[in-house]
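Colleague: Any chance you could fold what I've pasted below:
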Amino acid sequence: MKIHAVIDTNVLVSALLSRFKDSCTVQLMQHLILGDIIPIYNDEILEEYNTVLSRKKFSFPETLVAEIIEIIKRFGINSSGSETEEQLPDPKDVVFYEVALSVEDSFLVTGNTKHFPKKPFVVTPAEMLQIIHEIKAPRSGMLSEPIYGYGKKIPYKP
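Modeller: All right, here's what the predicted structure looks like:
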């Protein structure tokens, strides 16, 4: 089962800055590259990725930034988004929220959940990893209860 998700820019920055291969954001990027997560984006999101990841203070190589954006474009879904009446603290975050709303059962993965409405589909990288692990775990019994869903938040346990 594939998981659709909008990845907030702060998650990409955190993954690229991390020195630890087992950090939640690095693991999330690995799942993105492996195809476990289908990224959802639009041109405005790609532009933000490029602008932020290209900032001199990060010193990320241009080729790395281009490669990440290319992976997202090649394996992701370009979506125009669904308009929302929600008021977010940062107007620049609205596009991420609206694009997440545009694909059924998708998630918005962010390190700043307080910047978004408290909704079950807005998850941290750790919560997204737990969802991925639950989906990939073997299930037993014909009537097993659902292993993930918008109705429950699952704390990450590696």
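Colleague: measure Thr63 to Glu70 for me?
Modeller: 10 Å (Cβ to Cβ, to the nearest Å). C-beta coordinates here come from the backbone N, C-alpha and C atoms, glycine included.
Colleague: for His4, same thing?
Modeller: Applying Cβ to Cβ, the value for His4 to Glu70 is 19 Å.
Colleague: how about the CA coordinates for stretch 28-35, as PDB?
Modeller: Output of stretch 28-35 as PDB, limited to C-alpha atoms (Å, rounded to 0.1, in the frame of the first residue of the first chain):
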ATOM      1  CA  LEU A  28      11.200   9.500   5.900                       C
ATOM      2  CA  MET A  29      13.400  10.600   3.000                       C
ATOM      3  CA  GLN A  30      14.500   7.000   2.500                       C
ATOM      4  CA  HIS A  31      10.900   5.900   2.400                       C
ATOM      5  CA  LEU A  32      10.200   8.700  -0.200                       C
ATOM      6  CA  ILE A  33      13.100   7.500  -2.300                       C
ATOM      7  CA  LEU A  34      12.100   3.800  -2.000                       C
ATOM      8  CA  GLY A  35       8.600   4.700  -3.100                       C
END
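Colleague: quick one: average confidence on that stretch?
Modeller: The average of the pLDDT scores along stretch 28-35 is 93.
Colleague: what's the answer for stretch 106-126, then?
Modeller: Mean pLDDT, stretch 106-126: 96.
Colleague: Need the distance between the two termini of that stretch.
Modeller: For stretch 106-126, the first-to-last residue distance is 16 Å (Cα to Cα, to the nearest Å).
Colleague: which residues does Phe96 contact?
Modeller: Val6, Asp8, Ile45, Leu108, Thr110, Phe116 (Cβ atoms under 8 Å, 6 or more residues apart in numbering).
Colleague: From these, pick the one nearest Leu17.
Modeller: Distance ranking of those against Leu17, using Cβ to Cβ, places Asp8 first at 14.5 Å.
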